[in-house]
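**Q** Structure for the following, please:
(one chain, ligands or ions: 2)
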Amino acid sequence: MSNGRRDLVGLSRAEMTAVMAEIGEKPFRVKQLWHWIYHRGSTDFAEMTSLSKGLQQTLSELFVIGRPEVTQEQKSIDGTRKWLLRLEDGNEVESVFIPEEDRGAVCLSTQVGCTLSCRFCHTGTQQLVRNLTAGEIIGQFMIARDACGEWPTPRDGTRQLSNIVVMGMGEPFYNYEETAKAMTIAMDAEGIAISRRRITMSTSGVVPFMERCGRELGVNLAVSLHAATDEVRDAIMPINRKWPLAEVIRACRAYPGAHNARRITFEYAMLKGINDSPADAHALARLVKGLPCKFNLIPFNAWPGAPYECSSMATMKKFAEILNDSGFSAPIRVSRGRDISAACGQLKSESVRSRKNRDEESEAAAAV
Ligand code: SAH
Ligand code: SF4
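**A** Ligands and ions are numbered 1, 2, ... in the order given. Predicted coordinates:
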């Protein structure tokens, strides 16, 4: 418990410098603290042997190095790990680690719930509760490092937790400031040290922030497209009425660094009879013609009460083939952690459901 003490996690270097100045400490202390917090993963000032005992004591009276509380961990048979995390105010979010042979991505959430009601997304059925702070966003990654024992920060190229994908709950560009701050901490070479090339931010197409993200952070961009025409996109993603396809694509074409080596990823959930016809695939290829990009075809992950079904494998293969023939890479994404419902974009749904079930069960029990 923080007991009113201020959490140092999530402060920018400038903020940490100001906080140290308040207690009369010089800027070089920030370098030391940063090393302990983000390179070594320390959560206890008493471990910080480069600081005097007196300073360790002062810091522990005033500050904490916080982590969200892990309330549940699940491990899939394929190695995917999912953590349910409780925040200071009792709200919960999830993050997921998806390991691959010699690398792995941690999927982070940026909001509790989401304001955008994409019809295929379970998060979209939950109201926005609040934005996460930078500390809560980077804290999810630090929990994953704790769990995998990956402190101090290993050399790049030898890490299990090598990548970050901002594809959990929420729309990162509706919480831009805190998300950007968290990513700046993640990229800091003296700390967590994940290069911008290994970070991918996923947006439903909040046009004004696409340019800003490219300019300020320079991370990879993934855009949830899910349709090749405004008609279909309007029906499944209400945000399209605000920023229609043409504007989204224009912003993609202008995205800094969107050259061949760092192509934009278009996410496309395959919805049976909605967006999966050969005509849709041809329209899609025309829409993004000349844009350095790749597609990620996501088999729709159904949830109870979902208004859609997943396209058949044959339909998805045909769709991918048309995109391939037009010169685009378009793998059908293999669902990871299916047994633990770890799909990004569907986070926390299980826990909300199971809690609801529990509540209903206890209500039923109380009624007896
Ligand atoms: N809000 C951001 C990032 C989180 S969602 C965004 O929309 O881009 C991560 C990805 O999963 C998005 O492409 C989202 O559209 C997709 N997604 C959400 N629900 C899904 C479902 N039930 N099946 C397949 N993909 C889904
Ligand atoms: Fe929000 Fe993304 Fe889900 Fe749409 S797909 S409701 S933007 S989390």
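
**Q** the strands in the stretch 151-300 of the chain, which residues?
**A** 163-166, 199-203, 220-224, 264-270, 293-299 (DSSP state E, counting those that start in this stretch).

**Q** So what touches stretch 152-165?
**A** 38-41, 97, 99, 103-108, 141, 144-145, 148, 150, 183, 186, 191-195, 198-200, 202, 222, 344 (CB atoms under 8 Å, 6 or more residues apart in numbering). (C-beta placed from N, C-alpha, C; glycine too.)

**Q** Surely Leu84 is in a strand?
**A** Yes: the assignment for Leu84, made by DSSP: H, G, I helix; E, B strand; the rest coil, places it in a strand.

**Q** Surely it and Asn91 touch.
**A** No: with contact defined as CB atoms under 8 Å, Leu84 does not count as touching Asn91 (11.3 Å).

**Q** Looking at these two now, which is surrounded by more residues?
**A** Leu84 (19 against 16; other CB atoms under 10 Å).

**Q** From Ile143, how far out is that one?
**A** Using CB to CB, to the nearest Å, Leu84 is found at 11 Å from Ile143.

**Q** Please enumerate the shared neighbours of the two.
**A** Contacts common to Leu84 and Ile143, judged by CB under 8 Å, 6+ apart, are Val70.

**Q** Tell me which residue is most central in the chain.
**A** Nearest residue to the geometric centre of the chain (CA atoms, centre = their mean): Val166, 2.2 Å.

**Q** just checking, it touches Thr200?
**A** Yes: counting by CB under 8 Å, Val166 touches Thr200, with 6.9 Å between them.

**Q** Which residue ranges of the chain form helices?
**A** In the chain, helices defined by DSSP state H lie at 13-22, 28-34, 53-62, 134-148, 176-187, 207-216, 230-236, 245-253, 278-287, 313-325, 349-367, listed in chain order.

**Q** Turn these into JSON lines, columns for mean neighbour count, mean pLDDT and distance to ligand 2.
**A** Below are these laid out as JSON lines (neighbours: other CB atoms under 10 Å; pLDDT from 0 to 100; distance: least, CB to the nearest ligand atom, whole Å):
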{"stretch": "helix 13-22", "mean neighbour count": "15", "mean pLDDT": "96", "distance to ligand 2": "28"}
{"stretch": "helix 28-34", "mean neighbour count": "17", "mean pLDDT": "96", "distance to ligand 2": "31"}
{"stretch": "helix 53-62", "mean neighbour count": "14", "mean pLDDT": "97", "distance to ligand 2": "37"}
{"stretch": "helix 134-148", "mean neighbour count": "22", "mean pLDDT": "97", "distance to ligand 2": "15"}
{"stretch": "helix 176-187", "mean neighbour count": "22", "mean pLDDT": "98", "distance to ligand 2": "13"}
{"stretch": "helix 207-216", "mean neighbour count": "17", "mean pLDDT": "95", "distance to ligand 2": "13"}
{"stretch": "helix 230-236", "mean neighbour count": "16", "mean pLDDT": "97", "distance to ligand 2": "9"}
{"stretch": "helix 245-253", "mean neighbour count": "18", "mean pLDDT": "97", "distance to ligand 2": "13"}
{"stretch": "helix 278-287", "mean neighbour count": "17", "mean pLDDT": "98", "distance to ligand 2": "18"}
{"stretch": "helix 313-325", "mean neighbour count": "16", "mean pLDDT": "98", "distance to ligand 2": "19"}
{"stretch": "helix 349-367", "mean neighbour count": "12", "mean pLDDT": "39", "distance to ligand 2": "11"}
